[in-house]
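Undergrad: structure for this input, please:
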Amino acid sequence: MAFQSPASLPVRPRKSAAAVIFLCFLAIVFDGYDLVVYGAIVPKLLAYEPWGLTPVQTGAIGSYALAGMFMGAILIGYLTDIVGRRKVMMVSIAAFSLLMLLTAWAPTPELFGLFRFLAGLGLGGVIPTAIALTVEFSKSNRRNFNNALMFSGYAVGGILAALVALAFLPALGFRGMLALGGVPLVAVLPLLFKFLPESPAFLAVKGDRAQADRIIADYGLEPLPETPVDRGAPVAGRFRTLLTGRLLGAMVLFCLAGVCGQTLVYGLNTWLPQLMVIAKYSLASSLTFLLTVNIGAVVGVLVSSRLADRFGPRPVTATAFASSGIALVLMGTSLMPLPVMYLLVAVVGFGSVGAQILVNGFVATYFSGATRATALGITLGIGRIGAVLAISGGGVLVAASLGNFINFSVWAIAAAIGVVAVLSVPRLLAEATTSPDVEAVRPTISNTAIPH
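TA: Numbers count the residues shown, from 1 in each chain. Predicted structure coming up:
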């Protein structure tokens with residue numbers, strides 16, 4: 001019998017990469033909660049006599065958080081590649097939680113809108129950081145699936161908001177529902193402080209290769225490419241790298257896909273309850289539809305992300321967008337039996353929240369570790385334009401009383417544009433390689449991408 005020496009035996013990781021992904025999942029849950037809770041409280045805001053808000057004003061206030069996230073995602077996503085994922089995640093969570101509490105007790109609609117905007121700044125930094133960490137702590141053949149698993153926290157937060165609204169909205173009111181957004185301050189932040197490691201890719205770019213290698217060994221991660229690091233290049237050339245050559249076309253198309261995805265996600269999660277009320281469903285039923293949207297998103301994206309790891313995110317993401325567009329048109333065409341309507345709403349959830357999750361995974365696996373968080377920040381930040389337009393435009397749509405067909409099918413335009421944008425993303429030279437991990441053979445900052 002042949003014996004292996006201790007040096008030749010595989011080294012078991014001391015720590016679990018799954019724990020890192022779970023921490024990112026927890027952070028994203030409250031992003032989803034904030035998204036859906038606003039849609040759930042819209043009827044209460046409209047009925048709150050001291051403020052006397054109109055649908056257009058309510059939509060505008062709802063868009064303020066998205067405007068904050070637009071700025072936060074770009075600025076903080078950029079800072080994430082400079083100061084580190086761990087610090088940015090913790091500061092963003094703390095800021096968001098405190099400002100959600102201030103929003104809950106705002107005495108006037110003006111302060112309510114201001115605090116929502118500032119909370120959006122913090123929340124905007126959570127998403128690109130969580131995606132970057134998840135991709136970097138995942139095996140190359142599970143990046144899309146693990147990202148979808150982590151980002152399903154977005155829909156889980158939506159489910160949580162819908163369930164809490166169904167059970168407690170009459171008792172808590174809109175203030176109590178918003179105050180629950182402060183929970184991460186005591187439930188998530190201490191866990192991040194104790195257990196969240198820094199990104200090895202960030203440490204390597206910063207020149208601390210020894211610490212990066214220790215984290216890689218501790219968590220059993222794939223080795224980083226053995227390439228020399230220009231410590232000045234990541235900061236000075238990060239935007240230039242992303243906005244030149246073929247990557248510029250990819251960034252434009254990813255941003256367009258992000259605008260379409262967030263138009264669907266934020267528009268429907270904010271206005272679906274009110275659209276269902278207009279379509280003669282009860283408020284309780286409309287909140288159940290909101291719950292169904294997010295269940296459909298979780299189930300659909302966990303299945304589709306496995307397909308994305310196998311066949312590439314491009315065709316799977318396009319299919320998600322297309323399915324939501326078809327379902328929305330059908331919802332507005334005629335009065336459907338209730339079970340059929342629930343099925344269509346679930347498909348819309350997969351094709352809106354699910355499509356946006358797949359777009360994020362596509363971006364995260366398209367760019368290198370040195371520019372990943374910046375690219376995510378740009379696409380998520382620019383995508384907030386769609387979210388702002390959807391929330392404010394939804395108020396205009398409701399106020400116009402244009403009928404059920406237009407109320408539902410107008411959102412399918414965004415889905416159609418999303419299909420075209422995703423399918424048009426340039427196929428870079430790296431896609432032609434047979435290597436399962438192109439990032440292992442490319443420079444730290446380059447114009448190539450890992451296979452997709």
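Undergrad: for residue 291, which non-adjacent residue is spatially closest?
TA: Leaving aside its chain neighbours, residue 291 sits nearest to residue 162 (3.9 Å; criterion: CB to CB, 6 or more residues apart in numbering). In this view, the C-beta of every residue, glycine as well, is placed from N, C-alpha and C.
Undergrad: for that neighbour, what are its contacts?
TA: Going by CB atoms under 8 Å, 6 or more residues apart in numbering, residue 162 touches 36, 40, 287-288, 290-291, 294.
Undergrad: which of the residues you listed fall within helices?
TA: Counting by DSSP state H, those place 36, 40, 287-288, 290-291, 294 in helices.
Undergrad: before we move on, back to that, sec struct for the residue nearest to residue 291, please.
TA: Here residue 162 is helix, with the state taken from DSSP: H, G, I helix; E, B strand; the rest coil.
Undergrad: from residue 301, how far off is it?
TA: 17 Å (CB to CB, to the nearest Å).
Undergrad: how about residue 174?
TA: 29 Å.
Undergrad: residue 278 touches residue 404, doesn't it?
TA: Yes - Residue 278 sits in contact with residue 404 when judged by CB atoms under 8 Å, with a separation of 7.3 Å.
Undergrad: quick one, what contacts residue 106?
TA: Going by CB under 8 Å, 6+ apart, residue 106 touches 112, 114-115.
Undergrad: can you rerun that using 6 Å?
TA: Neighbour list for residue 106: 112, 115 [criterion: CB atoms under 6 Å, 6 or more residues apart in numbering].
Undergrad: pull the CA atoms of stretch 114-125 into CSV?
TA: Extracted C-alpha coordinates of stretch 114-125, given in CSV (Å, rounded to 0.1, in the frame of the first residue of the first chain):
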residue,chain,number,x,y,z
LEU,A,114,-34.3,63.5,2.4
PHE,A,115,-33.7,60.6,4.8
ARG,A,116,-34.7,58.1,2.1
PHE,A,117,-32.2,59.7,-0.2
LEU,A,118,-29.4,59.5,2.4
ALA,A,119,-30.3,55.9,3.2
GLY,A,120,-30.0,55.1,-0.5
LEU,A,121,-26.4,56.4,-0.5
GLY,A,122,-25.5,53.7,2.1
LEU,A,123,-27.6,51.0,0.6
GLY,A,124,-26.0,51.7,-2.8
GLY,A,125,-22.7,50.6,-1.5
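Undergrad: and residue 143, what helix or strand is that in?
TA: helix 143-179 (DSSP states H and E).
Undergrad: could you list the buried residues of that helix?
TA: 143-166, 169, 172, 174, 177-179 (16 or more other CB atoms under 10 Å).
Undergrad: mean confidence for whichever helix or strand comes after it?
TA: Later in the chain than helix 143-179, the nearest helix or strand by DSSP H and E is helix 184-187. Helix 184-187 shows a mean pLDDT of 91.
Undergrad: so which elements touch the next helix or strand along the chain from helix 184-187?
TA: Next helix or strand after helix 184-187 toward the C-terminus (DSSP H and E): helix 189-195. Packing partners of helix 189-195 (3 or more CB pairs under 6 Å, 6 or more residues apart in numbering; DSSP states H and E): helix 85-104.
Undergrad: what pLDDT, on average, does the helix it packs on get?
TA: Mean predicted lDDT for helix 85-104 stands at 92.
Undergrad: show residues contacting it.
TA: Defining contact as CB under 6 Å, 6+ apart, one finds that helix 85-104 is touched by 27, 76, 79-80, 115-116, 118-119, 122-123, 125-126, 129, 132-133, 175, 178-179, 181-182, 184-185, 188-189, 192, 196, 198-199, 202.
Undergrad: ok, and the most crowded of the contacts of residue 162?
TA: Compared across the contacts of residue 162, residue 36 has the highest neighbour count, 31 neighbours, by other CB atoms under 10 Å.
Undergrad: return the residues in contact with that residue.
TA: Here residue 36 is in contact with 158, 161-162, 269 (criterion: CB under 6 Å, 6+ apart).
Undergrad: return the member of those residues nearest to residue 208.
TA: residue 158 (38.0 Å; CB to CB).
Undergrad: residues contacting the closest one?
TA: 32, 36, 294 are the contacts of residue 158 under CB under 6 Å, 6+ apart.
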